[in-house]
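A.B. asks: Coordinates only, no sequence provided:
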């Protein structure tokens, strides 16, 4: 065996993305470069690591076994690097976060100065939907998760980072009276939903169920950005968190439609398992967040209060 650490990294990225093209994109390499590295790695085994059916890459059982061991090797290499940094008096290690898709508008502001203060820390942040975020948290794959809806079946600690409101939104071509409208308006418009498993959808449906509103017309899209662009284009209306649409509201590309019972008030929470033994890096980030939370809110999210007051 004569594999390199770079080959292990390339193979793990292929396992993660199940695509040579996507792996190349995420590694900032060309597709031929990734293909060559993977071929050189595969040539060292008599058993196939992957199978290609059509244009889809599938990882074999043997491939998953090798990927598991490759991850252990890379983790040990990282541990050597972090230990070296620690002996120099530099806080080092990996901070692992899972963030629901709308949370990408929040978490970077809590990370920027922290990472500048601690350049020895590596960051891994997975931005996905609520179901996958909670799965990563429950499997102890991450230090913290950022959610707007607390899990019901997982015992967690929480730190509230920011308050948010959800409004009914339409594009600039739809003109409405000053309102507020009755909740029956939801029976007359085409609503755009997030996918099943999304926190925003859960909050929407909880509101409709509590209000005894029956929705007749709806579309379903798989990201907050897709929903936002669909509303701007005039495909329909949606109940969305202000945190993800404030620029479009300020620019008048989206209009807030006043409806009885809205806005829905919610909170963005950083959560972690009650059974979790936080690493020095994770503990330091939690302390930093608690100490600087108000400062970050005032500096980067002052517009939240301003729009909510209008």
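C.D. replies: Perfect, I can see it now. Just so it is clear, the structure is predicted and the values come from calculations on it, not from any experiment.

A.B. asks: residue ranges with poor pLDDT in this protein?
C.D. replies: 82, 85-90, 175-178, 217, 305-310 (pLDDT under 70).

A.B. asks: in it, which spans are strands?
C.D. replies: 50-53, 56-59, 93-100, 121-128, 144-147, 156-171, 191-194, 218-221, 238-241, 254-257, 264-273 (DSSP state E).

A.B. asks: Direction included, what does the first one pair up with?
C.D. replies: Strand 50-53 has its sheet partners listed here by DSSP bridges as strand 56-59 (antiparallel).

A.B. asks: Please identify the buried residues of the strand it pairs with?
C.D. replies: For strand 56-59, burial by neighbour count (16 or more other CB atoms under 10 Å) applies to 57, 59. Placement of C-beta: from N, CA and C, glycine included.

A.B. asks: Now do the contacts for residue 145.
C.D. replies: Residue 145 sits next to 97, 98, 99, 100, 133, 134, 136, 137, 270, 271, 272 when contact means CB atoms under 8 Å, 6 or more residues apart in numbering.

A.B. asks: Widest-spaced pair of the residues you listed?
C.D. replies: Spatial extent of these (CB to CB) is set by the pair 100 and 272 at 15.0 Å.

A.B. asks: Which of those two has more residues huddled nearby?
C.D. replies: Each of residue 100 and residue 272 has its neighbours counted (other CB atoms under 10 Å); residue 100 has more, 27 against 19.

A.B. asks: so what's that one up against?
C.D. replies: So residue 100 contacts 127, 128, 129, 130, 133, 145, 146, 147, 148, 198, 199 (CB under 8 Å, 6+ apart).

A.B. asks: How much space separates the closest residue to residue 7 other than its chain neighbours from residue 22?
C.D. replies: Nearest residue to residue 7, sequence neighbours excluded (CB to CB, 6 or more residues apart in numbering): residue 41, at 4.2 Å. Computed as CB to CB, to the nearest Å, the residue 41 to residue 22 distance reads 17 Å.

A.B. asks: These two: which is more packed in?
C.D. replies: Taking neighbours as other CB under 10 Å, residue 41 and residue 22 compare with residue 41 leading, 20 against 16.

A.B. asks: surely that one meets residue 2?
C.D. replies: No. Counting by CB atoms under 8 Å, residue 41 stays clear of residue 2, with 10.0 Å between them.

A.B. asks: which residues touch the residue nearest in space to the middle of the chain?
C.D. replies: With distances taken as CA atoms, centre = their mean, residue 127 lies nearest the centre of the chain, 2.3 Å away. Each residue near residue 127 by CB under 8 Å, 6+ apart is listed here: 99, 100, 101, 103, 104.

A.B. asks: The same query, at a cut-off of 6 Å, please.
C.D. replies: Going by CB atoms under 6 Å, 6 or more residues apart in numbering, residue 127 touches 99, 101, 104.
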